[in-house]
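[1] Just the structure for this:
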Amino acid sequence: MAHTREAQAAKIVRWFTKIAIIGIFTVVGWLPKFTGNAGPLVEKLDGFGGQTAVYGIAAAEAIAIVLLLIPKTAFFGAVLAIVLMIGAIGSHVAGPVGIEGDFLGVFVAAIIAFVAAGVNAFLEWKRTAGSAAPIAT
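    Numbers count the residues shown, from 1 in each chain. I've put the predicted structure just below:
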């Protein structure tokens, strides 16, 4: 009985974190980047490829979303999200983007997505690792 409750709780947390990652990647990620609403980011990344870099990041975010939604590849989607958020956080803290103005909110969203992706990767790994106490899908 306790195992069933644990499995159900893990399933809920796993899906909650997926939804958080997908929501953040959509609202502040690929959608504004592909629709041309990421002008300030393009300017900040001008010395690093500008619009081409923004399109590349957007494509990687879209790929992470697709991977997260497919049960067999969800772990890899979470790992890709972690890598993307390490890059995002790094570009805010030590890179060209910074945390001034509107970029502060994006920075906070990157931290939330990073934590959600870490939790999700762990839970997806536990689900697929075939452990003695597997987590329900």
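
[2] ok, the residue positioned nearest the centre of the chain - contacts?
    The centre of the chain sits closest to A81, judged by CA atoms, centre = their mean, with a distance of 3.6 Å. Contact partners of A81, counting by CB atoms under 8 Å, 6 or more residues apart in numbering, are I21, F25, A64, L68, A113, F114, A116, A117, N120, A121. Quick note: C-beta positions are derived from backbone N, CA and C, even for glycine.

[3] now, among those, which is nearest to A10?
    N120 (10.7 Å; CB to CB).

[4] residues in contact with the closest one?
    N120 sits next to R14, T17, K18, I21, L68, A74, A78, A81 when contact means CB under 8 Å, 6+ apart.

[5] Helix or strand: which one has it?
    Here N120 sits within helix 102-128, counting by DSSP states H and E.

[6] Check the residue nearest to the centre of the chain and give its pLDDT.
    We have a pLDDT of 98 for A81.

[7] for A62, same thing?
    Reported pLDDT for A62: 96.

[8] And for S131?
    Looking at S131, its pLDDT reads 47.

[9] State the number of residues packed around the nearest residue to G47 once chain neighbours are set aside.
    Closest residue to G47 apart from its sequence neighbours, by CB to CB, 6 or more residues apart in numbering: P96 at 6.9 Å. Look at P96: counted by other CB atoms under 10 Å, it has 13 neighbours.

[10] Check the one 5 residues further on too.
    The number of residues packed near G101 is 9, by other CB under 10 Å.

[11] for the closest residue to G98 other than its chain neighbours, what are its contacts?
    Distance criterion CB to CB, 6+ apart; nearest residue to G98, sequence neighbours excluded, is H92 at 6.4 Å. Shown in contact with H92 (CB under 8 Å, 6+ apart): G98, I99, F103, V106, F107, A110.

[12] tell me which residues of the one helix or strand H92 maps to are tucked away?
    Here H92, judged by DSSP H and E, is contained in helix 74-93. For helix 74-93, the neighbour count (16 or more other CB atoms under 10 Å) marks 74-82, 84-85, 88-89, 91-92 as buried.

[13] Name the residues that touch the helix-or-strand element of the chain with minimal mean pLDDT?
    Lowest on mean pLDDT, DSSP states H and E among the helices and strands of the chain sits helix 39-44, with a mean of 81. Helix 39-44 has contacts (CB under 8 Å, 6+ apart) with K33, G50, Q51, V54, P96, V97, G98, D102, F103.
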